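J.: Just need the structure, nothing else, for what follows:
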Amino acid sequence: MQLATRAVVTAALAAAVAVAGYVGGLTLTIASALLALVFALGWPALVGLPFRVGSSVVVAIGGIGSVIVVHLTDAQPYLRFLPLVLAGAVLLSFLNELVRRDGRERLVESVSGTVAGTLVAVASAGWVATGRTPGGEPLVVVGALALAVGSVVVALHLARWLGAVVTSVAAAAAGAFGGALLPDITVRPGLLLGLAVGVLVATLHALFDQLPSLERRWPSLAAVTLPVTVTGTLVYVVGRVLVG
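T.: Sure, this is the predicted structure:
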């Protein structure tokens, strides 16, 4: 999948999250769970893990499980049970290695890659936590809007450092624009949230854009969902600091 195509798909996913955040409730939960599932299906192939089926299962359980747990948590802080989900997923990653029958080559790489993927998938629960926080729906929309704009801008053919700056500025401008339009949020929090999202998008682009596995379908799907998934917890944390 070409860079321009991946940028468009990521922007479309971010727009879908913005719509789900505006609607709120179960819609946002389902969208977050689907993000975690698609990411889990492609992550092992993206980073070249040796036992892809087992790693996908572990990452999917961790991501979808975290979304369900946050959805069912009845009071703030909504992320307080995530360490338990993550701990269970880490145990599953070791169990995943025990069921391997291929000589368990690259054992450390397999475990660390599975746990890293689980951390990313678990981050999708941040969208649900933000949406459930009083006044959190505008944060979801602003964060997703900044992500959509940053994902498109990062695909421009610019020098690496210039592209990172332009992406960050564009995402910050999109966040400020959203903050000016939506209720319960102002320009300043929107600007800072957009800047944080822009920096994240530029960083992920620098980390993953040159991977040869992106020429295949499933790794590309993981790559396009990764920024949307990670941004969930970023929006929640930044929103808690800036808005409360």
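J.: so what's the most centrally placed residue in the chain scoring on pLDDT?
T.: By Cα atoms, centre = their mean, the chain has its centre lying nearest to Thr229, at 1.4 Å. You'll see Thr229 listed with a pLDDT of 94.
J.: any idea which element it lies in?
T.: Using DSSP states H and E, Thr229 maps to helix 217-242.
J.: what's that helix packed up against?
T.: Under the contact definition 3 or more Cβ pairs under 8 Å, 6 or more residues apart in numbering; DSSP states H and E, helix 217-242 sits against helix 3-23, helix 26-47, helix 107-122, helix 125-132, helix 137-153, helix 187-208. C-beta here means a position set from N, CA and C on the backbone, and glycine is covered the same way.
J.: Please state the mean pLDDT value computed over the fifth one.
T.: By that I understand helix 137-153. Averaging pLDDT along helix 137-153 gives 89.
J.: report the angle between the axes of whichever helix or strand comes after it and helix 3-23?
T.: For helix 137-153, the succeeding helix or strand toward the C-terminus, using DSSP H and E, is helix 160-181. With axes from the mean of the first three to the mean of the last three Cα atoms, to 10 degrees defining the directions, helix 160-181 sits at 20 degrees from helix 3-23.
J.: Now tell me what touches helix 160-181 from outside.
T.: Residues outside helix 160-181 that contact it (Cβ atoms under 8 Å, 6 or more residues apart in numbering): 138, 141-143, 145-150, 153-154, 156, 158, 185-195, 197-199, 201-203, 205-206.
J.: Give me the phi and psi for the residue lying farthest from the centre of the chain.
T.: Distance from the C-alpha centroid of the chain, by Cα atoms, centre = their mean, peaks at Gly103 (32.8 Å). Main-chain torsions, Gly103, degrees, to the nearest 10: phi 90, psi 0.
J.: Next one: it from Thr114, what distance?
T.: From Gly103 across to Thr114, the span is 17 Å (Cβ to Cβ, to the nearest Å).
J.: Turn the helices and strands packed on helix 217-242 into a markdown table, including mean neighbour count and distance to Ala89.
T.: Converted to a markdown table, the helices and strands packed on helix 217-242 look like this (neighbours: other Cβ atoms under 10 Å; distance: least, Cβ to Cβ, whole Å):
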| stretch | mean neighbour count | distance to Ala89 |
| --- | --- | --- |
| helix 3-23 | 19 | 23 |
| helix 26-47 | 22 | 11 |
| helix 107-122 | 21 | 4 |
| helix 125-132 | 29 | 12 |
| helix 137-153 | 28 | 25 |
| helix 187-208 | 22 | 21 |
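J.: By mean pLDDT, show me the worst of those.
T.: Least confidently modelled of these is helix 3-23, at a mean of 85 by mean pLDDT.
J.: thinking again about what came up before, not counting its neighbours along the chain, what's nearest the residue nearest to the centre of the chain?
T.: The shortest distance from Thr229 to any non-neighbouring residue, by Cβ to Cβ, 6 or more residues apart in numbering, is to Ser124 (4.5 Å).
J.: same check, this time on Ala31
T.: Ala20 (4.0 Å).
J.: From what I see, the one you found and Leu28 are in contact.
T.: Yes - with contact defined as Cβ atoms under 8 Å, Ala20 and Leu28 form a contacting pair (4.4 Å).
J.: Find the residues that touch each one of the two.
T.: Shared contacts of Ala20 and Leu28, counting by Cβ under 8 Å, 6+ apart, come down to 127, 140.
J.: any idea which element Pro50 lies in?
T.: Short version, using DSSP H and E: Pro50 is in no helix or strand.
J.: May I have the residues that are in contact with it?
T.: Pro50 touches 100, 102, 105-106, 109-110, counting by Cβ under 8 Å, 6+ apart.
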